[in-house]
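Engineer: Sharing a model prediction with you, sequence too.
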Amino acid sequence: MTGGAGRIRIAPSLLSCRFAELGREVREVDAAGAEWIHVDVMDGHFVPNITIGPLIADAVRGVTSRTVDVHLMIERPERYVAEFAEAGADVITVHAEASVHLHRTLDMIRGLGKRAGVALNPSTPLSAVEEVIDGIDMLLIMTVNPGFGGQAFIPQSVDRVARARALIESRRPGTIELQVDGGVDRSTAPMLVRAGATVLVAGSAIFGHPGGGAAGVRAIRAAVEGVSWKGGGG
Ligand code: DX5
Ligand code: ZN
């Protein structure tokens with residue numbers, strides 16, 4: 001599903017947008033070429049913060065035809081995947097740490113006709129995804145501890161992304177997106193792409209850009225221009 005080796009997607013995280021201007025913010029990054037729109041759902045249990053639910057995912061769906069990418073940072077996400085599917089999500093990602101019957105949850109997402117992602121916190125071994133790798137469309141490597149926008153990038157993440165890429169290449173070459181989320185900006189994005197990331201989530205670097213969301217998307221795009229996975233042969 002990568003649609004060509006080395007193709008990088010930019011996924012602005014709405015967590016850092018001006019929520020009172022939600023529609024405008026989404027349209028702006030869409031028009032600037034962001035391929036995915038990243039929606040961060042937090043429940044105050046799995047992570048300390050509380051954000052948004054299916055109503056907002058539905059509102060986002062209504063203003064863009066881009067890929068709506070829902071990142072569930074909630075306990076027992078299986079309770080809500082159907083609602084997010086109904087709201088128009090294209091990709092639904094659950095945390096391996098939050099779903100006891102992860103295999104079943106992923107089946108449920110795919111059964112709803114959606115792409116299924118598994119997210120791993122920085123402290124979770126990569127092996128947590130090995131047994132379900134045949135049933136996923138995306139692996140999300142958290143590059144901060146989830147919960148808030150604007151946190152400092154964890155430097156060890158670059159090596160971790162490289163190891164995640166090696167795992168994907170050994171098991172499902174060319175078929176799984178590798179997403180990174182947290183502290184992604186103009187300086188960290190190129191390292192992450194070189195390590196094998198294909199989907200770059202960025203909140204504060206995009207919506208906090210002095211020139212606005214469109215300028216933020218363009219800045220990240222420019223930073224990864226000509227950069228590719230070092231094992232990608234190009
Ligand atoms: C963190 C969220 C991220 C967050 C990223 O828990 O999953 O998507 O918005 O924000 P930045 O890019 O500011 O680190
Ligand atoms: Zn996220």
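Structural biologist: Thanks, I have it. Ligands and ions are numbered 1, 2, ... in the order given.
Engineer: Return the residues of this structure in contact with ligand 2.
Structural biologist: Asp40, His71, Asp181 (Cβ under 5 Å from the ion). All C-beta atoms are positioned from the backbone trio N, CA, C, and that covers glycine.
Engineer: residue of this structure with the smallest distance to ligand 2?
Structural biologist: His71 (3.8 Å; Cβ to the ion).
Engineer: Mind listing residues that contact whichever strand or helix holds that residue?
Structural biologist: In this structure, His71 sits in strand 67-73 according to DSSP states H and E. If you take Cβ atoms under 8 Å, 6 or more residues apart in numbering as the criterion, strand 67-73 is touched by 9, 11, 35-43, 46-47, 57, 60-61, 80-81, 84, 88-95, 98, 117, 119, 140, 146-147, 181, 199, 201.
Engineer: on that earlier part again, possible to save the residues of the chain next to ligand 2 as TSV with pLDDT?
Structural biologist: What follows is those, written out as TSV (pLDDT from 0 to 100):
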residue	pLDDT
Asp40	98
His71	99
Asp181	99
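Engineer: could you show me where the helices are in the chain, in order?
Structural biologist: Taking DSSP state H, the helices of the chain run over residues 22-31, 54-61, 81-86, 102-111, 157-171, 188-195, 204-207, 213-224.
Engineer: For burial, what's the neighbour tally of Arg163?
Structural biologist: 13 (other Cβ atoms under 10 Å).
Engineer: which residues does it contact?
Structural biologist: Leu126.
Engineer: ok, now with 10 Å
Structural biologist: Contact analysis of Arg163 by Cβ atoms under 10 Å, 6 or more residues apart in numbering lists Leu126, Ile141, Ala195, Gly196.
Engineer: In contact with Glu35, which residues?
Structural biologist: Glu35 is in contact with 3, 7-12, 29, 66-67, 69, 199-200, 217, counting by Cβ under 10 Å, 6+ apart.
Engineer: of the residues you listed, buried ones?
Structural biologist: Buried members of these, scored by 16 or more other Cβ atoms under 10 Å, are Ile8, Arg9, Ile10, Ala11, Pro12, Val29, Arg66, Thr67, Asp69, Val199, Leu200, Val217.
Engineer: Check the gap between the second one and Gly111 for me.
Structural biologist: Separation of Arg9 from Gly111 (Cβ to Cβ, to the nearest Å): 25 Å.
Engineer: Likewise for the last one?
Structural biologist: The gap separating Val217 from Gly111 is 33 Å, by Cβ to Cβ.
Engineer: next one: the third one
Structural biologist: The spacing between Ile10 and Gly111, counted by Cβ to Cβ, is 29 Å.
Engineer: sorry, back to before: which ones among the contacts of Arg163 map onto strands?
Structural biologist: Among these, DSSP state E puts Ile141 in strands.
Engineer: Stretch 193-202 near ligand 1 at all?
Structural biologist: Yes. Stretch 193-202 reaches ligand 1 (Cβ under 6 Å from any ligand atom) through Val201, Ala202.
Engineer: Dump the C-alpha coordinates for that stretch into PDB.
Structural biologist: C-alpha atoms of stretch 193-202 as PDB (Å, rounded to 0.1, in the frame of the first residue of the first chain):
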ATOM      1  CA  VAL A 193      13.000   9.300   6.600                       C
ATOM      2  CA  ARG A 194      16.600   8.100   6.200                       C
ATOM      3  CA  ALA A 195      15.900   5.500   8.900                       C
ATOM      4  CA  GLY A 196      12.800   4.300   6.900                       C
ATOM      5  CA  ALA A 197       9.800   6.400   8.000                       C
ATOM      6  CA  THR A 198       7.100   6.900   5.300                       C
ATOM      7  CA  VAL A 199       4.500   9.000   7.200                       C
ATOM      8  CA  LEU A 200       5.500  12.000   9.100                       C
ATOM      9  CA  VAL A 201       3.100  13.300  11.800                       C
ATOM     10  CA  ALA A 202       3.800  16.800  12.900                       C
END
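Engineer: Okay then, goodbye and thanks.
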